[in-house]
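> next come a sequence and a model predicted from it.
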Amino acid sequence: MAEVFGSNYSGLYDALYSDKDYAAECDIIERILKEYGQGRAGTLLDLGCGTGNHAFPLAKRGYRVTGVDRSEEMLNQLKKKLAYLPDHNRVSLHHDDIRSIDLPGQFDAAMMMFAVLGYQYENNDVLSTLKATRHHLHPSGLLIFDIWYGPAVLHQGPTERVKTIPTAEGRIVRFSSGELDVRRHLCKVHFRICRFEGQELAAETKETHQMRYFFPKEIELFLELASFSLLRLSAFPEVDKEPDEERWNVLGIARAV
């Protein structure tokens, strides 16, 4: 896989997604753990943990969270926050590839949030990731993940977007565009991020992220091959609704079998 989340992108990551409601997503995760967790959900494996925006709120709620990410730069941003987390002893970190992790012990649940599974864009990448995840779960443990929903991606197609984030020094402007590789179920997303101090361009970075989108029977088969049973696919974050062609994001819940 091509390297993404380099130092410049990672340094701006939290600013770029400051409008994302991580607390509400953690509410959803906690609701799923209570509804499907069979009374045991104290230890969580956060795969593709990024800068910790799910791990930290869940640690504050009493869970023990083990975060894994292959981007050292993203983990560096996460580590900067640890000193400000009263419950930092509930969070442990590992710099590793989620396709081949081999950690001691097993967990009550695992999560791959913010389309982490979509970064595994070849079939063997997807299957290796799911098998490695299953290896780290107790019997009947839960897997919670969100993915891009193929029917919606094909129905709507990618568009060009511009996002502006005000900062104390000026602003950050992110330009994004995408192109589909329908045969491989991939959307190639091009990011150009400009940081302005006043009216002057202070820095510019570019990254291209390849994202896989999935169809219901496809993800169900991948899960079965990795010894999971798909319990539910729902719209996300409107989890009480069914997936449809108007929402790219869907949430999946699976149980280890």
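Now that the structure is in, tell me what you want to look at.

> so who does the closest residue to L78 other than its chain neighbours touch?
The shortest distance from L78 to any non-neighbouring residue, by C-beta to C-beta, 6 or more residues apart in numbering, is to G52 (4.1 Å). From N, CA and C alone the C-beta is placed, and that goes for glycine too. By C-beta atoms under 8 Å, 6 or more residues apart in numbering, the contact set of G52 is G67, L78, K81, V91.

> can you tell me which of those residues is nearest N123?
Set against N123, the nearest of the contacts of G52 by C-beta to C-beta is G67 (26.0 Å).

> shouldn't the closest one be in contact with L58?
No. Using C-beta atoms under 8 Å, G67 makes no contact with L58, being 10.2 Å away.

> any shared contact partners between these two?
Common neighbours of G67 and L58 (C-beta under 8 Å, 6+ apart) are D46.

> quick check: closest non-adjacent residue to L225.
L127 (5.9 Å).

> select the longest helix from this structure.
Secondary structure of the chain per DSSP state H: the longest helix is helix 22-36.

> which residues touch the helix or strand following it?
Remark: after helix 22-36, the chain's next helix or strand is strand 43-47, criterion DSSP states H and E. By C-beta under 8 Å, 6+ apart, the surrounding residues in contact with strand 43-47 are 54-55, 58, 63-68, 98, 101, 103, 107-113, 116, 129, 133, 136-137.

> how far does strand 43-47 sit from the chain's center?
Computed by C-alpha atoms, centre = their mean, to the nearest Å, the chain-centroid distance of strand 43-47 equals 12 Å.

> which is the next helix or strand following that strand?
Per DSSP H and E, the helix or strand that comes after strand 43-47 is helix 55-60.
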